[in-house]
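[1] structure for this input, please:
(chains A and B, ligands or ions: 2)
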Amino acid sequence: MESEEKSRTDARVITVSSGKGGVGKTTATANLGISLASLGKRVVVIDADIGLRNLDIIMGLENRIVYDLVDVVEGRSKLRQAMIKHKKFDDLFLIPAAQTRDKMAISPEDMVQMTDELREDFDYILIDSPAGIERGFRNALEPADEVLIVTNPEVSAVRDADRIVGLIEAAEKGPGKLIINRLKTDLVRKGEMLSSDDVYDILGLTIIGIIPEDEMVLSASNSGIPVTLNLNSQAGMAFGNIARRITGEDVPFMNLDGNPGILRRFLRLFDGR
Amino acid sequence: MGIIKTLFGRRKQGSGATAKNRLRFVLQHDRIHLPPERMEEMKREILAVIVKYLVVDQDRVEIDLEQRDRRQSKLVAEIPFSGQQPAHSAPDARLPALSSDSADNS
Ligand SMILES: Nc1ncnc2c1ncn2[C@@H]1O[C@H](COP(=O)(O)OP(=O)(O)OP(=O)(O)O)[C@@H](O)[C@H]1O
Ligand SMILES: [Mg+2]
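    Numbering: from 1, shown residues only, chains lettered A, B, ... in the order given. Ligands and ions are numbered 1, 2, ... in the order given. I've put the predicted structure just below:
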C-alpha cells in the first residue's frame, strides 16, 4: 500500500486527530508544519475543522485569509489562491477552514481531490482534524496516508484515542502513531498521572513523540508564533523531534519521566540546536 | 513518600495506577463491544452448563477476558471442580444465580 502511494505521488498526507477535543491537535499540526518547513521540507497544513477555524490564528496568519477550504471546494477560488504563505517560510502554506459553514459543506472525496492536486508539489500535507468521530473526522481521515493520534495522559482522552484507533484501522489507514501531549513530569513522578509507558501499555501504539506540559505553548498561541520556534521551550523541542522522526531520522526520546540531570544530558547530546 | 516507595512502589500507588487499571478494564469491553454486565451474564450461563455435569468449587471460579492487542481477545477460564454430579441429581438446585430462562435453554 505504502509503495503504491509513493509511486503515485511525492507528498505524504498526515492527518492529526484525537477523538476527544482540546488535547492539542491544532497545536501539534502548527508546530509540526513549522518544524518540517524549518527542515527544508515543502509543507501544506490544512485546517479541516470547518466552523471552528483555529490553525490560522495559532500560526499567526489570521489576517491574511481571503479564501478558504469551502471556497475551493465550491469553486469560488482556485486552490493556489486559498493557500496562505507563511511569513517566515517560503515553502509553508496554510489552507484555512471556513468559519461560517459546517462540516457537511465538504465531503471526504473533496479532501482526496484537493490533496491529490497538492501531492506532486509538496513533501508533506498535514491535516488538522476536528474533534469527534463524525463527518469532520471522516473528511480528515479519507485522504490520509498515515494518522497521528494526539492524546493526553488522562482517562477520557486515552479512551477516546482507542476508539479513534479502531475507526482508523477499520478504514485501513493503519493503526496510527501516538503523540502524548501535556505530560506533567512531576505528577508522573509522584504516580499521580499516567506515564508514557502506561499509555503505551494500554493503547499498544507506537509513540512518535511525548510533549511535556509547557507554559510557553500558551504564550506561543498568544503571539501566533508556534512554540517550536522558541529554542528555550521543551515542548517546542519535542515537536521538533517528532518532525525529524517523521522525516525518517532516528531521534532518541527526551527523558521526561526521569531525573533532571539525565534530562539535561540527553538534551545536550541529542537535542542541542 | 519514602525513598524506597519512590524508587520501587510509585507506579503501584497513586491515582495514576488506578487510572491505568480502570482504562484497561473499560477498553477491553469497548473493543469487543460487550459491556461488563453482558459479560457477567455470559459467564453465569457458561457456569450454569458446567455445574450440570461437574461439582464446581464456585468460590474459586475465574473467567477472565485477556487481550494481547485490540484485534485479539481471549477468554481464559479456570473452573476448579471436585468430581461429577451424581447422574440423577437435580442440578438446578446447585445453579449459581442466573436467570431461569437461560438455564432452561442450555
Ligand atoms: N504541551 C502543552 N502545554 C501546555 N498547553 C498546551 C499544550 N498543548 C496544548 N496546550 C493548550 O491546550 C489547549 C488546546 O489545544 P489545541 O487547540 O491545540 O487542541 P485541539 O485538540 O486542537 O482542540 P479542538 O478539539 O478544540 O480542535 C490550548 O489552549 C493549548 O494552548
Ligand atoms: Mg483544534
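[2] what ranges does chain A have for its strands?
    A:12-17, A:43-47, A:84-85, A:92-95, A:124-128, A:146-151, A:177-183, A:207-212 (DSSP state E).
[3] A:T27: what's its closest spatial neighbour, skipping adjacent residues?
    Of all residues not flanking A:T27 in the chain, A:V217 sits nearest, at 6.2 Å (C-beta to C-beta, 6 or more residues apart in numbering or on different chains). For the C-beta atoms, the positions are set from N, CA and C on the backbone; glycine is no exception.
[4] again with A:I208
    A:K177 (4.1 Å).
[5] and the one you found, bridged to which residues?
    Using DSSP bridges, the bridge partners assigned to A:K177 are A:L148.
[6] list the contacts for it?
    A:146-149, A:205-208 (C-beta atoms under 8 Å, 6 or more residues apart in numbering or on different chains).
[7] could you identify which of those has the most neighbours?
    Most neighbours among the contacts of A:K177, by other C-beta atoms under 10 Å in any protein chain shown: A:I149, with 27 neighbours.
[8] from ligand 1, how far off is the residue nearest to A:I208?
    16 Å (C-beta to the nearest ligand atom, to the nearest Å).
[9] list the contacts for residue 57?
    Picking chain A for this. With C-beta under 8 Å, 6+ apart, A:I57 has these contacts: A:221, A:224.
[10] if you could check chain B rather than the one you did, that'd help
    B:80-82.
[11] switch to 6 Å and redo it
    B:D57 makes contacts with B:P80, as judged by C-beta atoms under 6 Å, 6 or more residues apart in numbering or on different chains.
[12] now the residue of chain B at minimum distance from ligand 1. Its backbone dihedrals?
    Chain B approaches ligand 1 most closely through B:G16 (18.3 Å), counting by C-beta to the nearest ligand atom. Phi and psi for B:G16, reported as degrees, to the nearest 10, are phi -60, psi -40.
[13] what comes up buried for stretch A:222-234?
    Buried positions in stretch A:222-234, judged by neighbour count with 16 or more other C-beta atoms under 10 Å in any protein chain shown: A:224-230, A:233-234.
[14] got the residues of chain A near ligand 1?
    A:18, A:21-27, A:49, A:131, A:181-182, A:211, A:213-214, A:217-218, A:221, A:235 (C-beta under 6 Å from any ligand atom).
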